[in-house]
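A.B. asks: Quick one, what's the 3D model for this:
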Amino acid sequence: MRLLIVTRMKRSVLLGIVVVVVVVAVGAVLLLGMQQAAPGAEQVQEQRVIKIGAICDLTGGTSDVGKPYCLGVLDAVEWFEKNYPLPKGYKVDLAWVDYSYKIPEAQAAYNRFKALGVVAIIGWGTGDTIALAPTVAQDKIPYISASYSGELMKKETPYNFYPQTDYSSQGRAMVQFVVEKWKEMHGGNPPRPPRLGLAYPNVPYGTTPIPAIKDMAKQLGVEVCPDQIVELTATDATAQMLKLKECGADFIWAGGTAASSVVIMRDAKKVGLNAPVFINVWGGNEQYFRANPDATDGNYYLTSIVVYYPDVEKSDTPGAKIIKEFAREKGRAPYTDLNAAYVRGWANVNLLYKALREVIERGWEITGENIWKALTSIRDWDFSPLEGLTAEKLTYTPEDRRPQMTVMFYKISKGELSLEKVIKLERKADWLGW
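C.D. replies: Okay, the predicted model is just below:
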């Protein structure tokens with residue numbers, strides 16, 4: 001076991017954010033009632049330490065999905081250090097913060113990470129990730145985020161990465177599914193074009209896929225109702241759902257996180273709008289679906305990384321076995337801790353370790369630039385050692401960092417998920433970056 005250091009920075013530096021520095025091979029530390037593992041006292045050779053930063057939301061507007069994601073990140077780092085360590089004795093020194101989903105605090109955290117000498121960062125939200133992207137590129141620090149914004153794939157922001165299909169491609173696939181579903185509902189001969197309602201928060205996470213969705217709708221002949229803003233903290237969306245009902249929406253896109261998506265689904269049914277709701281990748285997880293079986297019934301959840309229930313829990317793929325066995329060892333709580341967000345934390349860490357391993361095995365100096373070189377050399381990766389977590393094999397090139405173009409649609413029935421459809425989009429160059 002290694003030394004665990006917990007420090008609190010000055011309020012003037014990080015506005016009171018807790019900073020946890022983990023010299024790895026330790027148990028994961030979780031704030032707000034999550035379990036803290038006991039630290040050891042063994043020293044780490046300085047020359048074998050790789051410093052990494054991580055930004056989490058445990059107390060802000062996206063903490064409903066941020067907590068299990070951050071737990072997944074910390075558990076994954078611990079698993080890699082114990083069970084699949086980096087070559088040549090290298091260890092990861094992980095410093096992470098709860099930034100409460102506030103862009104200024106993310107920027108302050110980034111500055112602190114840079115001062116600590118990190119060579120890569122595991123990030124979180126769309127607004128802060130986009131705000132930091134130019135600086136990240138200038139400083140040549142690879143940034144593996146939980147924001148899957150298509151905007152981050154622009155050539156001007158080459159140091160941003162993620163393993164999931166981007167938000168815009170998910171939205172385009174959703175429109176394609178709407179067309180196919182509408183035809184199916186009408187025996188292949190629908191009387192009119194389908195109408196799509198868009199309900200999302202007015203934050204970068206919510207707005208970033210909207211242009212792509214509307215563009216795809218125009219291409220495929222789908223009518224779009226006037227946009228409805230439902231903020232992340234919303235507790236009622238009756239007025240917005242009444243407007244979509246007046247418009248005659250046949251389908252709804254819910255572009256918030258778990259809590260606000262439940263509000264949209266609940267209030268759509270309350271006003272008699274019996275339209276299937278398509279939930280963005282961070283718009284729910286098994287905990288919320290299970291807790292709200294009536295509101296969520298009949299709707300769809302989108303992702304390109306498998307969910308915990310039923311995929312990880314019932315699967316025998318290498319990735320599923322590793323995650324569920326380690327989660328049981330750590331005593332993680334079903335649904336609350338273990339859900340789709342938790343799995344995506346593991347996915348981001350796996351991508352980072354893939355690049356670090358490549359750099360070390362090639363004998364390169366461990367720098368952000370060389371980590372970028374390793375990331376953009378990935379071709380048809382089966383996601384080993386976590387095989388089975390992704391919808392398709394991943395490829396990154398310097399010109400196109402979209403890892404995959406596949407979207408899985410899970411049907412929600414009585415709070416449980418089952419895979420209904422998989423759509424793989426064409427990798428069009430003119431879709432890159434938006």
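A.B. asks: Using the record's domain definitions, break the chain down for me.
C.D. replies: 4-164+310-404, 167-305+407-431 (automatic domain parsing).
A.B. asks: In CSV, list the ones you listed along with mean pLDDT.
C.D. replies: Listed next are the domains of the chain as CSV, based on pLDDT from 0 to 100:
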stretch, mean pLDDT
domain 4-164+310-404, 87
domain 167-305+407-431, 97
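A.B. asks: For Val92, give me its contacts.
C.D. replies: For Val92, the contact set (CB atoms under 8 Å, 6 or more residues apart in numbering) comprises Val24, Val49, Ile50, Lys51, Ile52, Val77, Phe80, Glu81, Leu86, Leu356. Any C-beta I mention is one placed from the backbone N, CA and C, and that applies to glycine too.
A.B. asks: Give me the subset of the residues you listed that lies in strands.
C.D. replies: The strands, defined by DSSP state E, take in Val49, Ile50, Lys51, Ile52 from the contacts of Val92.
A.B. asks: At the geometric centre of this protein, which residue sits there?
C.D. replies: Ala146 (3.7 Å; CA atoms, centre = their mean).
A.B. asks: Count residues in the vicinity of the closest residue to Ile122 other than its chain neighbours, would you?
C.D. replies: Spatially, and ignoring its direct neighbours in sequence, Ile122 is nearest to Ala54 (4.3 Å; CB to CB, 6 or more residues apart in numbering). Close neighbours of Ala54, defined as other CB atoms under 10 Å, add up to 27.
A.B. asks: Quickly find the element holding Met420.
C.D. replies: Careful, residue 420 is Glu and not Met. strand 416-424 (DSSP states H and E).
A.B. asks: still on that earlier bit, could you look up the SS state of the residue nearest to the centre of the chain?
C.D. replies: Three-state call for Ala146 (DSSP: H, G, I helix; E, B strand; the rest coil): coil.
A.B. asks: Verify the contact between it and Ile121 for me.
C.D. replies: No. With contacts counted by CB atoms under 8 Å, Ala146 stays clear of Ile121, the gap being 11.5 Å.
A.B. asks: Most neighbours among the ones in strands among the contacts of Val92, please name it.
C.D. replies: Ile52 leads these on contacts (other CB under 10 Å) with 27 neighbours.
A.B. asks: Correct me if wrong: Tyr148 contacts Phe161.
C.D. replies: No. Using CB under 8 Å, Tyr148 is not in contact with Phe161; the gap is 10.3 Å.
A.B. asks: With neighbour numbers in mind, choose between those two.
C.D. replies: More crowded of Tyr148 and Phe161, by other CB under 10 Å: Tyr148, with 29 against 25.
A.B. asks: Look up how far Tyr90 lies from that one.
C.D. replies: According to CB to CB, to the nearest Å, Tyr148 stands 29 Å off from Tyr90.
A.B. asks: now Gly363
C.D. replies: From Gly363 to Tyr90 the distance is 12 Å (CB to CB).
A.B. asks: Would you map the strands across the stretch 1-150 of the chain?
C.D. replies: Ranges of strands in the stretch 1-150 of the chain, per DSSP state E, counting those that start in this stretch, are 4-8, 18-23, 49-56, 91-98, 120-122, 143-144.
A.B. asks: what lines up beside whatever helix or strand comes next after the last one in the sheet?
C.D. replies: Going back to what we said before, that points to strand 143-144. Of the helices and strands lying after strand 143-144 in sequence (DSSP H and E), the nearest is strand 160-161. Sheet pairing here is set by DSSP bridges, and for strand 160-161 it gives strand 143-144 (parallel).
A.B. asks: Could you measure from the closest residue in space to Asp382 that isn't next to it in sequence over to Arg379?
C.D. replies: Leaving out its chain neighbours, the residue that sits closest to Asp382 by CB to CB, 6+ apart is Lys393, at 5.5 Å. Distance, Lys393 to Arg379, by CB to CB: 9 Å.
A.B. asks: before we move on, what about Met185?
C.D. replies: Counting by CB to CB, the gap from Met185 to Arg379 is 40 Å.
A.B. asks: now swap in Lys424 and tell me
C.D. replies: Per CB to CB, Lys424 is found 17 Å from Arg379.
A.B. asks: hang on, the earlier thing: the more surrounded of Gly363 and Tyr90?
C.D. replies: Tyr90 (18 against 7).
A.B. asks: so who does the nearest residue to that one once chain neighbours are set aside touch?
C.D. replies: If the residues on either side of it in the chain are set aside, Tyr90 comes closest to Arg48, at 5.1 Å by CB to CB, 6+ apart. Under the criterion of CB under 8 Å, 6+ apart, the contact partners of Arg48 comprise Lys88, Gly89, Tyr90, Lys91.
A.B. asks: Now, of these, which are buried?
C.D. replies: Taking 16 or more other CB atoms under 10 Å as the criterion, what is buried in the contacts of Arg48 is Tyr90, Lys91.
A.B. asks: Thanks a lot, catch you later.
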